[in-house]
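A.B. asks: Any chance you could fold what I've pasted below:
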Amino acid sequence: MRSRRPSLFSRAFDALPVVGVLGLCVVVVFVAMNVLVSAAPIAVNFNSPSPSAGPSPSLLGSPNVLPFATDTFIPSLAPSASLPDSRPTIINSAISESDPNGAWTVYMGYPSFLAGTTPWADAIDADIGSEIRTRVTQWEQGPASNRQASGKKNVLSGAFKTELLTPSLASFTLTWEDDASASLPATDVETLNYDLSTGQRIAFDDLFSDADVALIAISNAAESQLIDQLGDNYDQVVVAEGISPSRTNFIHWAITAAGIKITFAEHQVAKSLSSLPAIVVPWASLRSAMVQTGPVAILAGL
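C.D. replies: Numbering: from 1, shown residues only. You can find the predicted model right below:
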């Protein structure tokens with residue numbers, strides 16, 4: 001006998017359990033998604049712990065693996081500190097090293113603050129020492145590692161001059177001579193200026209609210225001073241290019257009681273002069289462009 005086919009109603013009734021399960025699953029998923037979306041996010045702390053202050057650089061040490069030296073200083077968020085009435089004590093630190101094979105020798109003198117004579121002595125010492133260490137390491141592993149002439153010893157020697165030292169300000173000019181090439185030794189320079197209340201380096205824009213006006217004033221003052229200083233080595237074309245009012249021409253600046261001191265790089269304003277000419281631009285001629293409450297405002301008579 002031929003079986004009777006179930007009615008449409010019967011088949012729908014049989015499918016109800018499956019549909020119910022599927023529907024329940026949809027509801028559960030929907031509720032779970034809403035719970036996840038509306039739930040408060042979990043707090044994650046991405047801040048790394050603050051590094052502790054490192055020890056002051058030693059006077060003698062072996063080369064370390066360090067990043068390339070840079071003039072760019074990244075300040076930390078150091079709070080201001082109460083300063084003593086007396087100025088800090090500066091001591092001469094140095095890196096003194098020689099190659100075991102006799103290829104090179106180094107003596108690089110640099111300033112350090114005697115611990116306890118200014119609040120941020122350790123931090124400033126670490127900053128200066130690290131930069132000098134990096135420069136020396138680069139030289140030892142780079143130019144100094146290649147003898148330019150048979151029997152020639154490559155020499156790197158440097159010293160510093162304190163341009164200004166008060167309870168609140170410190171300024172230094174560092175110079176060094178590099179005799180690692182086959183030609184005449186090269187002389188280079190760097191200036192360091194510190195706000196001792198924070199332990200941070202002072203930037204050009206910390207001094208001047210209008211840097212362009214300041215650069216023009218420095219440029220105008222430079223020519224007359226260089227005419228007298230250079231004498232027979234004065235070349236108007238070379239000087240004009242070397243003192244044009246751009247930041248790159250005046251990056252080696254130091255704070256002095258009399259004004260801002262600019263030291264020019266070798267051959268920047270005189271082709272045949274191996275020394276480093278320097279000028280001082282009085283604060284009085286720069287006051288209109290200065291930050292009225294800047295780190296040297298009192299020094300400049302503002």
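A.B. asks: which stretches of the stretch 101-250 of the chain aren't confidently modelled?
C.D. replies: Along the stretch 101-250 of the chain, segments meeting pLDDT under 70 are nowhere present.
A.B. asks: all helices in it, in order from the N-terminus.
C.D. replies: With DSSP state H, counting those that start in this stretch as the criterion, the stretch 101-250 of the chain has helices at 121-141, 204-207, 211-230, 236-242.
A.B. asks: hey, which of those helices is tucked in deepest?
C.D. replies: helix 121-141 (a mean of 20; mean count of other Cβ atoms under 10 Å). Yep, even glycine has a C-beta here, placed from its N, CA and C like the rest.
A.B. asks: That one - contacts with which helices or strands?
C.D. replies: Judged by 3 or more Cβ pairs under 8 Å, 6 or more residues apart in numbering; DSSP states H and E, the packing partners of helix 121-141 are strand 90-98, strand 104-113.
A.B. asks: Tabulate those (CSV), appending distance to A180 and mean neighbour count.
C.D. replies: Shown next, in CSV, are those (distance: least, Cβ to Cβ, whole Å; neighbours: other Cβ atoms under 10 Å):
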stretch, distance to A180, mean neighbour count
strand 90-98, 14, 16
strand 104-113, 7, 21
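A.B. asks: could you dump these to a markdown table with distance to F204?
C.D. replies: Compiled in a markdown table, those are given as follows (distance: least, Cβ to Cβ, whole Å):
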| stretch | distance to F204 |
| --- | --- |
| strand 90-98 | 23 |
| strand 104-113 | 21 |
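A.B. asks: For L196, which of these is the nearest?
C.D. replies: Nearest of the helices and strands packed on helix 121-141 to L196, taken as Cβ to Cβ: strand 104-113 at 8.6 Å.
A.B. asks: partners of the closest one in the sheet?
C.D. replies: According to DSSP bridges, strand 104-113 has the following sheet partners: strand 90-98 (antiparallel), strand 154-165 (parallel).
A.B. asks: Now do the last one against helix 121-141: the angle between them, please.
C.D. replies: If I follow you right, that is strand 154-165. 160 degrees (axes from the mean of the first three to the mean of the last three Cα atoms, to 10 degrees).
A.B. asks: then strand 154-165 to CSV, C-alphas only?
C.D. replies: Output of strand 154-165 as CSV, limited to C-alpha atoms (Å, rounded to 0.1, in the frame of the first residue of the first chain):
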residue,chain,number,x,y,z
ASN,A,154,95.8,59.1,15.8
VAL,A,155,95.2,61.6,18.6
LEU,A,156,92.0,63.1,20.0
SER,A,157,92.4,65.7,22.7
GLY,A,158,89.9,68.1,24.2
ALA,A,159,89.3,70.6,26.9
PHE,A,160,86.6,73.0,28.2
LYS,A,161,86.2,76.6,29.3
THR,A,162,83.7,77.8,31.8
GLU,A,163,81.9,80.8,30.3
LEU,A,164,79.5,81.5,33.2
LEU,A,165,78.9,79.9,36.6
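A.B. asks: show me the contacts for S219.
C.D. replies: 243-245, 249 (Cβ atoms under 8 Å, 6 or more residues apart in numbering).
A.B. asks: May I see the strands paired with strand 104-113 organised as CSV, with distance to Y194 added?
C.D. replies: As requested, the strands paired with strand 104-113 are exported to CSV (distance: least, Cβ to Cβ, whole Å):
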stretch, distance to Y194
strand 90-98, 11
strand 154-165, 10
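A.B. asks: so which of the ones you listed comes closest to L83?
C.D. replies: Closest among these, using Cβ to Cβ: strand 154-165, at 12.6 Å.
A.B. asks: Buried residues, the closest one. List them.
C.D. replies: 154, 156-160, 163-165 (16 or more other Cβ atoms under 10 Å).
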